[in-house]
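Enquirer: Sequence and predicted model, in that order:
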Number of protein chains: 6
Amino acid sequence: MYSVNVRDHFMIAHSFKGAVFGPAQRLHGATYVVDLELRRPELDADGIVVDIGLATDVLRTVLGELNFRNLDEESAFSGRNTTTEFMARAVFDRVVRRIHAGELGLHAHGLSHLRVTLHESHVAWAAYEGALPAAAT
Amino acid sequence: MYSVNVRDHFMIAHSFKGAVFGPAQRLHGATYVVDLELRRPELDADGIVVDIGLATDVLRTVLGELNFRNLDEESAFSGRNTTTEFMARAVFDRVVRRIHAGELGLHAHGLSHLRVTLHESHVAWAAYEGALPAAAT
Amino acid sequence: MYSVNVRDHFMIAHSFKGAVFGPAQRLHGATYVVDLELRRPELDADGIVVDIGLATDVLRTVLGELNFRNLDEESAFSGRNTTTEFMARAVFDRVVRRIHAGELGLHAHGLSHLRVTLHESHVAWAAYEGALPAAAT
Amino acid sequence: MYSVNVRDHFMIAHSFKGAVFGPAQRLHGATYVVDLELRRPELDADGIVVDIGLATDVLRTVLGELNFRNLDEESAFSGRNTTTEFMARAVFDRVVRRIHAGELGLHAHGLSHLRVTLHESHVAWAAYEGALPAAAT
Amino acid sequence: MYSVNVRDHFMIAHSFKGAVFGPAQRLHGATYVVDLELRRPELDADGIVVDIGLATDVLRTVLGELNFRNLDEESAFSGRNTTTEFMARAVFDRVVRRIHAGELGLHAHGLSHLRVTLHESHVAWAAYEGALPAAAT
Amino acid sequence: MYSVNVRDHFMIAHSFKGAVFGPAQRLHGATYVVDLELRRPELDADGIVVDIGLATDVLRTVLGELNFRNLDEESAFSGRNTTTEFMARAVFDRVVRRIHAGELGLHAHGLSHLRVTLHESHVAWAAYEGALPAAAT
């Protein structure tokens, strides 16, 4: 299995609901340094997993929709705790939608799996990984 | 699959037995920077993999039992080479025992896999990963 | 010159005022991974720059006063932009006050300089460094 | 599953063919920091995955054949784009050949999987992983 | 003294002349991960060292002039060994010219020192630092 | 001022004497990842600060004298606490002696300052820096 990974980051405010979160129930924030790993079993004719320029652009676009925001006020996350692991899945889903929309180009046709990791500090990170879902028809 | 990772470290002395270890047969030591990765297929109702505060505490407790010690004198490791990969498994097993004892709380019920990585320098690390064993009854 | 450095982190929400900040004028947040470097020309009789346990405690205490907060609502920063460089100075000043209050113990008497670095992402950090001010009498 | 990882690096020049590569079609170069991860289900009698000294030597030897070269002029890669993911596979294959030749020693008999990761910058890496192929007879 | 640092990278081919360089006399290449640190004694009225957006843009522009090139064919470096330390100075000088041309904006007026660090691998880096030269009149 | 940095590591056992060290009074150990930074005001005719190959060799030799040892039994450190900051100075002094002995070659004649940093974990490091002392005559 081949992998290619690109990295970018975004910075948000949010708060959590539930006693399990302790002081993180207060409004605070985080920098998330994001790794987007794209996997496929074989390289394409150009010898690549994906057009790394397009992958970088897609990740920047997805994170740009979240960057410099208060997630508590984003309707997409209404009623949810925007934990690091939840946000890893949110980024995963948004990347998938853009792949299905063709934003990674023809080179993306062989992709089989994605992994999104959000590093929230030097001592903690969370991730979501899974098979690339088939596009709805 | 979702993952959450917490990091801590411990510092030990030890020596190895066997020609394969060369000069590491002498008494020496290591800093191990430890990543504990906890995995589960779905988030719980709070939107988390595990209570990250409890996970941090459990890792600190497990490493605290090993920190600032000469592993050659620990009866738990008698007759064994406490290599980095062996210690990754030892930390894995001790974390599992504490999960079974309930120290990660109710949020840990959905955990399915663990991975423990010990970074011993900027050029070497070792890991042990596996399914979370069922608790003995 | 000898140095010792300890690292910890804190997570905050804030917003900035001024066109120079662009989208960072919105409420957002950051993880700051903090390096506190303590310097002195000579080691003390124990062979140390400072009691590293106390240094770790002082840094944790200082960051604990800021962690999981919305800096826009902290009276200490009223009317100021809590930029990374500004916060580096704020941490510096708070560490100095605790050194003057004796929280680093007798070992701190030889300290001459401090440097506080706040890493806000994998591509940006800011710092403040200077001589340790004399304690007010 | 147990893993051991060793790290080294090599520095090369190359160019790519194909519009997808944009300005990287020009002759340029890269530092690749390489992680070689070796995996096996159980430790051997010495408590190790592999002789880490031999693993380090094998990786250095493999990378030494590539270091300080213009990959465009290497006959082994003639007509191929030496992308990061392609080179991860090339290093994987060369390590496998040396394992089959016995260069990792008897300790390598239990190895089941390898992963080779090439870090090309602080924001991009690629990898190839797979089962250790059986030696040709 | 306050500092702000931004990071980016560029990838080049080159060769060296002189027996001291050994196999690096062959055409090879490197990824340089670049830290640009900007220093000033006091913050400005906005509470910043520099407009970090402009600093990021200036660094990207300077590195863009070097990225994906064979330095052996750049007339600016004719007859010079483009070592890591030499390139750190080259980036320093090019950033200074853009500061003098006003590309960092009014916020840059208080800058007093710069440091440029080029990381060429996980085990080697080089830097050039100095006072910001006065603009020619 | 120009700098070049090379990195290597060593692994030791030791214990400390003095109540300030708490549990570190027990026999334990550490991995020290070592940065050796060499500085000079101007480059030499080859465009370098120092022969980086020789610098790497000198650092490896110096660390090789300490690697895989129990520092409590090294006569050179008898009666001293081999703290991280103390060991940074010890490495500094040993590198200086080898520079004076000519092991960095003619390229080292312009060196003016050294800095030795020992990283003991992901959250702590210590350093010693100073002017290169004149060779005894």
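Expert: That came through, no problem.

Enquirer: can you give me the helices in chain A?
Expert: A:52-64, A:84-100 (DSSP state H).

Enquirer: Arrange those helices in JSON lines, one row each, with mean pLDDT as further columns.
Expert: Putting those into JSON lines (pLDDT from 0 to 100) gives the following:
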{"stretch": "helix A:52-64", "mean pLDDT": "98"}
{"stretch": "helix A:84-100", "mean pLDDT": "98"}
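
Enquirer: Check these for me and report the most buried one.
Expert: helix A:84-100 (a mean of 21; mean count of other Cβ atoms under 10 Å in any protein chain shown). (C-beta placed from N, C-alpha, C; glycine too.)

Enquirer: any idea how far residue A:127 is from the residue most central in space within chain A?
Expert: Centroid-nearest residue in chain A: residue A:91, 2.8 Å away (criterion: Cα atoms, centre = their mean). Relative to residue A:127, residue A:91 is positioned 10 Å away (Cβ to Cβ, to the nearest Å).

Enquirer: Could I get the contacting residues of the residue in chain A that chain B sits nearest to?
Expert: Of all residues in chain A, residue A:81 sits closest to chain B, at 3.8 Å by Cβ to the nearest Cβ. Residues in contact with residue A:81, defined by Cβ atoms under 8 Å, 6 or more residues apart in numbering or on different chains, are A:16-18, A:21, B:46-48.

Enquirer: Go ahead and build a ChimeraX selection from the buried members of those.
Expert: A single ChimeraX command selects the buried members of the contacts of residue A:81 (16 or more other Cβ atoms under 10 Å in any protein chain shown):
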select /A:16,21 /B:46,47,48
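
Enquirer: circling back to that earlier point, now distance to residue E:32 too, for the helices of chain A, in a markdown table please.
Expert: A markdown table is the format used below for the helices of chain A (distance: least, Cβ to Cβ, whole Å):
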| stretch | distance to residue E:32 |
| --- | --- |
| helix A:52-64 | 18 |
| helix A:84-100 | 29 |
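
Enquirer: between those, which one is nearest to chain F?
Expert: Taking those one by one with Cβ to the nearest Cβ, helix A:84-100 is closest: 18.7 Å.

Enquirer: what's the residue in chain A positioned nearest to chain D in contact with, if anything?
Expert: Nearest residue of chain A to chain D: residue A:47, at 3.7 Å (Cβ to the nearest Cβ). By Cβ under 8 Å, 6+ apart, the residues touching residue A:47 are D:80-83, D:85-86.

Enquirer: can you do 6 Å?
Expert: For residue A:47, the contact set (Cβ atoms under 6 Å, 6 or more residues apart in numbering or on different chains) comprises D:80-81, D:83, D:86.

Enquirer: Show me which pair in those residues is furthest apart.
Expert: D:80 and D:83 (8.8 Å; Cβ to Cβ).

Enquirer: These two: who's more crowded?
Expert: Neighbours of residue D:80 and residue D:83, each counted by other Cβ atoms under 10 Å in any protein chain shown, are more numerous for residue D:83; the result is 25 against 17.

Enquirer: Show the pLDDT at residue A:137.
Expert: pLDDT, residue A:137: 62.

Enquirer: Just give the number of residues close to residue A:65.
Expert: 12.

Enquirer: who's the closest residue to chain C within chain A bridged to?
Expert: Closest contact between chain A and chain C, by Cβ to the nearest Cβ, is at residue A:29 (1.1 Å). Beta bridges link residue A:29 to residue A:13 when assigned by DSSP bridges.

Enquirer: Can you pull the residues of chain A lying near chain C?
Expert: A:9, A:11-13, A:23-24, A:26-31, A:33, A:68, A:70, A:120-122 (Cβ under 6 Å from any Cβ of the partner chain).

Enquirer: So which residues on chain A come close to chain B?
Expert: Counting by Cβ under 6 Å from any Cβ, the residues of chain A near chain B are A:18, A:20, A:80-81, A:83, A:85-86, A:123-129.

Enquirer: Once you drop chain neighbours, what's closest to the residue of chain A closest to chain B?
Expert: Of all residues not flanking residue A:81 in the chain, residue B:47 sits nearest, at 3.8 Å (Cβ to Cβ, 6 or more residues apart in numbering or on different chains).

Enquirer: Same question for residue A:115.
Expert: residue A:129 (3.7 Å).

Enquirer: Show the backbone phi and psi for the residue of chain A found nearest chain F.
Expert: Distances between chain A and chain F by Cβ to the nearest Cβ are smallest at residue A:122, namely 6.2 Å. As for residue A:122, its main-chain torsions (degrees, to the nearest 10) stand at phi -80, psi -10.

Enquirer: Count the residues that sit near the residue nearest to residue A:100 when sequence neighbours are not counted.
Expert: Spatial nearest neighbour of residue A:100, chain neighbours left out: residue A:135 (4.1 Å); criterion: Cβ to Cβ, 6+ apart. Applying other Cβ under 10 Å, we find 11 residues neighbouring residue A:135.

Enquirer: Quick check: residue A:135 touching residue A:99?
Expert: No - with contact defined as Cβ atoms under 6 Å, residue A:135 does not reach residue A:99; the gap is 8.1 Å.

Enquirer: With that, I have no additional questions.
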